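return atomic coordinates for the entry below.
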Amino acid sequence: MTQRVHFIAIGGSAMHNLAIALHRQGFDVTGSDDEIFEPSRSRLDRLGLLPERLGWHPEDITPEIDAVILGMHARIDNPELKRAQELGIKVYSYPSYFYERTKDKTRVVIGGSHGKTTITSMIVHVLRQEGVEFDYLVGAQLDGFDCMVKLSESSRVAIIEGDEYLASALEPVPKFHLYRPDIALISGIAWDHVNVFKTFESYVDQFRRFIACIEQGGKLIYCAADEEVLKLAAEPEVAAMKAGYGVPKHRIVDGVTILETGHGDVPLQVFGRHNLMNLEGARHVCHQLGIGDKAFYAAIATFHGAAKRLEKLAEVPGRAVFKDFAHSPSKLKATLEAVREQFPQRRLVACMELHTYSSLSDGFIDQYAGAMDAADSAIVFYDPHAVQLKRLPAIPVERVRKAFAREDLAVLNDPIAVMGEVRKGIGGESVLLMMSSGNFGGLDLQALSEAFTA
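Okay, the predicted model is just below:
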């Protein structure tokens, strides 16, 4: 008998991918949302899963539905949710549903304030190269994968990117608490999601609880180079077996990072100390899943990164343009330092967008002090409309400059002005790095890249 599953807030990144995954398994999938943006809209439409009309329609919730999956975008008073509860239909958040479908498998959960998407992507890439069947839930688009969620009846392993943001209005706990890992990895801890976790201590405590969720006899793999992670791993309450990792031995030759391993030199297509540590974390996980180092290195040599993670947009001799998802202070600093180390002789022009609630909050913005010091020319962009949408007070230019502790910082709120400021950095050997979880107010990054490398 065909399972019927209804998604409330189907347009979310993970939600629409899970809907597609279930549709491909033969489930009868329906959904609703009050707004659906690209690329979710087109992807759902192609498969006939796009709701016929926007909004919430409790009359569509009937006893024939086997399960409802509630997205974080939906509030506790959502009329469809209330109707499902009245009918006694089982309601899940997408993490709790994914756990339910993988509870009899070996679950690998990758957590951390930064690097988790890349580490998850590396593991997925290696397992695929080795022909291992596995379920997965990943936050970024990967080459060769048209859907970033997969569930099957025959696989025995599930690889999960464990986000620390809240699961749903019914389950207001971090998503990664709900997966109950057999193998857990923590890549690093740097305060984020300040609208939910008001203090750094409360944020760190979510990772302490994540460690406590590891199944009995499970393993904790952790970045020993991160002071906060190291402290958590050393706490006497940690019952899991532990393995720490750091930066592997390597060298940089003509802009290419080469791993120095017991199996010979391994040229990589990614770079930066943070990516090298990500790679070591992925290697430890793959070892736990039965992948030897020789096979791991052969596969990882063909990995060229997750989407928007130091993604190369354009390159000509002496000049290159990269974009990156970096937006938090720690991510910003690590990404800039990676590019600086890789191209030490080139002029580095860096532009970042203040886009998230945390980055636009007056109580948090001072965390960015020194984060862009590695750049020769530093630009910060923010869209006043984004500030208004988040119901935050306006940010004066001087407040941003003071927060970054950089007097020569160019602070702009017009995409055209960003284009003009970037053009000033063109000349000689140089690198342009564009960093944001947004879209720079609609700025055409491809046109910008072509101008920079012309």
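
from now on I want contacts and neighbour counts done on CA atoms only, so please keep to that.
Will do.

mean confidence for the longest strand along the chain?
Identified as the longest strand of the chain according to DSSP state E is strand 347-354. Here strand 347-354 scores 93 as its mean pLDDT.

tell me which other helices or strands that strand touches.
strand 377-382, strand 430-435 (3 or more CA pairs under 8 Å, 6 or more residues apart in numbering; DSSP states H and E).

partner strands of the helix or strand harbouring Ile69, with direction?
In the assignment (DSSP states H and E), Ile69 maps to strand 67-70. Sheet pairing of strand 67-70 (DSSP bridges) gives strand 4-8 (parallel), strand 90-93 (parallel).

and the contacts of it?
4-9, 81, 84, 89-94, 97, 168 (CA atoms under 8 Å, 6 or more residues apart in numbering).

which one of the residues you listed is nearest Gly255?
When these are ranked by distance to Gly255 (CA to CA), Tyr94 comes first, at 41.1 Å.

how many neighbours does that closest one have?
Look at Tyr94: counted by other CA atoms under 10 Å, it has 23 neighbours.

what about the residue nearest to Lys294 when sequence neighbours are not counted, how many neighbours?
The spatial neighbour of Lys294 that comes closest, neighbours along the chain excluded (CA to CA, 6 or more residues apart in numbering), is His263 at 6.3 Å. Counted with other CA under 10 Å, residues neighbouring His263 total 12.

buried sites along stretch 333-347?
Of the residues in stretch 333-347, 333-343, 346-347 count as buried by neighbour count, 16 or more other CA atoms under 10 Å.

just to revisit the earlier point, most surrounded residue in the contacts of strand 67-70?
Ile8 (29 neighbours).

now do the same contact list for the closest residue to Asp408 other than its chain neighbours.
Closest residue to Asp408 apart from its sequence neighbours, by CA to CA, 6+ apart: Ala378 at 7.7 Å. Shown in contact with Ala378 (CA under 8 Å, 6+ apart): 349-351, 372, 408-410.

and Ala378, bridged to which residues?
Under the criterion used (DSSP bridges), Ala378 bridges to Ala350.

then the one 4 residues further on?
Bridge pairing for Tyr382 (DSSP bridges) gives the partners Leu354.

quick one: Glu421 and Val68, what's the gap?
Distance, Glu421 to Val68, using CA to CA, to the nearest Å: 49 Å.

so these two - more neighbours on which side?
Val68 (25 against 18).

who touches stretch 116-125?
Residues outside stretch 116-125 that contact it (CA under 8 Å, 6+ apart): 110, 136, 138-140, 142, 159-162, 186-187, 275, 278-279, 281-283, 285-286, 299-300, 303, 305-306, 309.

and Leu360, what does it touch?
Contacts of Leu360 (CA under 8 Å, 6+ apart): 354, 387, 392, 395.

tally up the residues packed near Ile183, please.
Residues near Ile183, counting by other CA under 10 Å, number 24.

quickly list what it is bridged to.
Under the criterion used (DSSP bridges), Ile183 bridges to Val108, Lys219.

so for it, what's the pLDDT?
Ile183 is given a pLDDT of 98.

if we can go back for a sec, out of the strands paired with strand 67-70, which gets nearest to Lys175?
Short answer: strand 90-93, nearest of the strands paired with strand 67-70 by CA to CA, at 8.8 Å.

what about the helix or strand just after that closest one, average pLDDT?
Using DSSP H and E, the helix or strand that follows strand 90-93 towards the C-terminus is helix 94-102. Confidence for helix 94-102, expressed as mean pLDDT, is 97.

in helix 94-102, which residues are buried?
94-99, 102.
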